[in-house]
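Engineer: below is the sequence, then the predicted model.
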Amino acid sequence: MASRTSLNSWKELETHAKQIKDRHMRDLFAEDKQRFEHFSVKLNRFLIDYSKNLITQETMDKLLALAQETEVESWRDAMFSGDRINKTENRAVLHASLRNRSKTPVYLDGENVTEQVEQELTRMEAFVSQVRRGDWRGYTGKPIRDIVNLGVGGSNLGPQMVTEALKNLSDHSVRTHYVSNVDGTQIAEVLRPLNPETVLFIVSSKSFSTTETLTNAQTAMRWLVSAAFDDKAISKHFVAVTAKPDKAQEYGFHPDNIFRMWNWVGGRFSLWSAIGLPIALEFGFEKFIELLEGAHEMDKHFQSAPLDKNAPVLMALIAVWNTTFLGCQSHAILPYDQTLHMLAAYLQQAEMESNGKSVTWNGEAVTYPTVASIWGGLGINGQHAFYQYLHQSKNIVPADFIGSIESATPVKGHHETLMANFFAQTQALMCGVNEEQVRADLTVKGRQPGFIDQLAPHKVHSGNRPTNTILLKKLDSWTLGALIAMYEHKIFVQGILLQICSFDQWGVELGKGLAEKIQVELTEGQANVEHDSSTLHLMEYYKRNKQD
Ligand SMILES: O=P(O)(O)OC[C@H]1O[C@](O)(CO)[C@@H](O)[C@@H]1O
């Protein structure tokens, strides 16, 4: 297969990027009064405006030609129909089947995946209603009040992000808590106020071999048994979610307490599976289904909309344009919605674990920047923290601004202030303010010429800083499902455009393997002299001072 850099569209984009770098978005807006209409898409319950990027129609035509040349549509169809597009792990990529509310059959190795998903959803529904109705009882016969999810990465971030995002919709039948870190502080703090009689633990691990999660599971089991004085209490207080049910059984879980996921779901794309159990427990099964329905609507849009109106495709093209062709190295996620305070952390894993790679799917070194580093946080708080950097740093950081027309929790006088900032920021980042305007402004304010000379350069904002604006009608489970699915598909399309396998994560293995060896050396023996001198000395210093 031809390398990406040899494609006509790629070469044209490289040339075009050099030409457009000297243009300012301010002028592009002045030249095209219809710019918003040209560069925005309206979807059911949300709108995406990508007009505040350094693009023209020519740019979009060339980017769309790249999508054609890289056969985005046939890759997309291959994914939905269960082809093994995760080549390095020889796996299908079927997370969209988890929310296939149309229930169209999808076959993998002769088995109907849709049927398997429906069966597991039925089991989840029964379990959720048992727990929420108070029929699932703990070892002293009391109903469950607190759910503690033990999982890390994809087995934590998705459910926790969604739980936080929908917090205001909880009826408080149960409360969910999350423990992901193996640092004992987290589990100790979470368990401290809880009553073992009324806690249900979910051990969430696709592989059921993640040390951090299994260490937390052991601690939680000890905590429970030391209160119940009976190992049998475990089956009333522990369920597992995994793609390796045999391992969970070996660990002592009864088959009825094991919820299934599958190898064809990547951990970071798994919140739609039983990994989302904490969401269903806290908000009810109906809300969980609404989340799936919103995502399914996005799947249908992704599958059917023409490329130039296709939200995930457009978002991916813009991301590749900014990162690969214009050289921006990071990307900020800036929600103006308190409930989305974990979105940046969630997307960090989704995007960076998927596309943070430097070989193509053929194993050749990539010669172009792939994915930006993803970071961010609540917009309004960021304005008083890191936005200085966004506005005036030498580095250009493209950003996604995400806000809602209706507040999730209306409080008189708050939402307009929030949204005024939301709109002001993308305008300021795009337009900036030049020295002439700064001087004129200071003069009107009656400042002395000497003072103006001194201050003016500091007040200049170059502008021309790219942003996407995503405006939701209201953050609810349906819209959230659609939003997350949009980002998932964006990440996938980015991978296709860049010739990267988005669904493996080999880069996490080296450190994991080393940690296993070092843990033995820390607990049982000497540090291996073959470590580099920094690691060796750090370990020795650690051991010496720990003993002292
Ligand atoms: O669900 P598991 O198998 O415990 O894995 C947790 C996380 O660890 C990773 O494998 C990275 O180490 C992620 O991809 C995954 O989401």
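Structural biologist: Looks like it came in fine.
Engineer: buried stuff in stretch 223-234?
Structural biologist: Trp223, Leu224, Val225, Ala227, Ala228, Ala233, Ile234 (16 or more other C-beta atoms under 10 Å). C-beta: built from backbone N, CA, C; applies to glycine.
Engineer: same check, this time on stretch 381-391
Structural biologist: Under 16+ other C-beta under 10 Å, the buried positions of stretch 381-391 are Gly382, Gln383, Phe386, Tyr387, Leu390, His391.
Engineer: what of stretch 430-438?
Structural biologist: In stretch 430-438, counting by 16+ other C-beta under 10 Å, buried: Met430, Cys431, Gly432, Asn434, Val438.
Engineer: any idea of the mean pLDDT for that stretch?
Structural biologist: Averaging pLDDT along stretch 430-438 gives 97.
Engineer: do me a favour and get the end-to-end distance for that stretch?
Structural biologist: Terminal residues of stretch 430-438 are spaced 16 Å apart (C-alpha to C-alpha, to the nearest Å).
Engineer: can you check stretch 303-318 too?
Structural biologist: Stretch 303-318: ends 19 Å apart by C-alpha to C-alpha.
Engineer: now what about it, what contacts it?
Structural biologist: 41, 43, 48, 50, 53, 55, 60, 63-64, 66-68, 72-73, 76-77, 80, 298, 301-302, 398, 466, 468, 486-494, 497 (C-beta atoms under 8 Å, 6 or more residues apart in numbering).
Engineer: the residues you listed in helices, which ones?
Structural biologist: 60, 63-64, 66-68, 72-73, 76-77, 80, 298, 301-302, 486-494, 497 (DSSP state H).
Engineer: for the closest residue to Phe492 other than its chain neighbours, list the residues it contacts.
Structural biologist: Leaving aside its sequence neighbours, Phe492 sits nearest to Ser502 (C-beta to C-beta, 6 or more residues apart in numbering; 5.5 Å). Applying C-beta under 8 Å, 6+ apart to Ser502 gives the contacts Ser354, Asn355, Ile491, Phe492, Gln494, Gly495.
Engineer: ok, the fifth one to Asp83 distance?
Structural biologist: Gln494 sits 19 Å away from Asp83, taking C-beta to C-beta, to the nearest Å as the criterion.
Engineer: out of the two, which sits in the busier spot?
Structural biologist: Shown here are Gln494 and Asp83; by other C-beta atoms under 10 Å, Gln494 has more neighbours (27 against 15).
Engineer: who's in contact with that one?
Structural biologist: Ala316, Ala319, Val320, Glu351, Asn355, Val371, Ile500, Ser502.
Engineer: remind me which residues of the chain are low pLDDT?
Structural biologist: For the chain, applying pLDDT under 70 flags the ranges 547-548.
Engineer: assess the claim that Met298 and Gly481 are in contact.
Structural biologist: Yes - if you go by C-beta atoms under 8 Å, Met298 and Gly481 touch, sitting 7.4 Å apart.
Engineer: assign the residue nearest to Phe492 to helix, strand or coil.
Structural biologist: coil (DSSP: H, G, I helix; E, B strand; the rest coil).
Engineer: show me what counts as buried in the helix or strand hosting Phe422.
Structural biologist: Assigned by DSSP states H and E, Phe422 falls within helix 415-431. Of all the residues in helix 415-431, those buried under the rule 16+ other C-beta under 10 Å are His415, Leu418, Met419, Phe422, Gln425, Thr426, Ala428, Leu429, Met430, Cys431.
Engineer: after it, which helix or strand is next?
Structural biologist: Trace forward from helix 415-431 with DSSP H and E and the next one is helix 435-444.
Engineer: residues in contact with the residue of the stretch 251-400 of the chain found nearest the ligand?
Structural biologist: Of all residues in the stretch 251-400 of the chain, Gly267 sits closest to the ligand, at 2.7 Å by C-beta to the nearest ligand atom. By C-beta under 8 Å, 6+ apart, Gly267 lies in contact with Gly153, Gly154, Ser155, Lys206.
Engineer: so which of those residues also contact the ligand?
Structural biologist: Gly153, Gly154, Ser155, Lys206 (C-beta under 6 Å from any ligand atom).
Engineer: please list only the buried members of the ones in helices among the contacts of stretch 303-318.
Structural biologist: Here, 16+ other C-beta under 10 Å leaves 60, 63-64, 66-67, 72-73, 76, 80, 298, 301-302, 486-494, 497 buried among these.
Engineer: and the ligand, which of those reach it?
Structural biologist: Near the ligand, by the rule C-beta under 6 Å from any ligand atom, you find none of those.
Engineer: surely Leu194 forms part of a helix?
Structural biologist: No - using three-state DSSP, the assignment for Leu194 is coil, not a helix.
Engineer: element containing Ile147?
Structural biologist: strand 146-150.
Engineer: run the chain-centre distance for that strand.
Structural biologist: Put simply, strand 146-150 sits 21 Å off its chain's centre (C-alpha atoms, centre = their mean, to the nearest Å).
Engineer: that one pairs with which strands?
Structural biologist: Using DSSP bridges, the strands paired with strand 146-150 are strand 175-179 (parallel), strand 199-204 (parallel).
Engineer: Thr213 versus the nearest residue to Ser270 once chain neighbours are set aside, what's the distance?
Structural biologist: Spatial nearest neighbour of Ser270, excluding adjacent residues (C-beta to C-beta, 6+ apart): Gly154 at 5.2 Å. Distance, Gly154 to Thr213, using C-beta to C-beta: 11 Å.
Engineer: do Arg26 as well
Structural biologist: Applying C-beta to C-beta to Arg26 and Thr213 gives a distance of 50 Å.
Engineer: which positions in the stretch 251-400 of the chain make contact with the ligand?
Structural biologist: Gly267, Arg268, Glu353.
Engineer: what's the last one sitting at in phi/psi?
Structural biologist: Looking back up the chat, that one is Glu353. phi -70, psi -30 (degrees, to the nearest 10).
Engineer: how many other residues sit next to it?
Structural biologist: 22.
Engineer: quick one, what contacts it?
Structural biologist: So Glu353 contacts Gly153, Arg268, Gln505, Gly507, Val508 (C-beta under 8 Å, 6+ apart).
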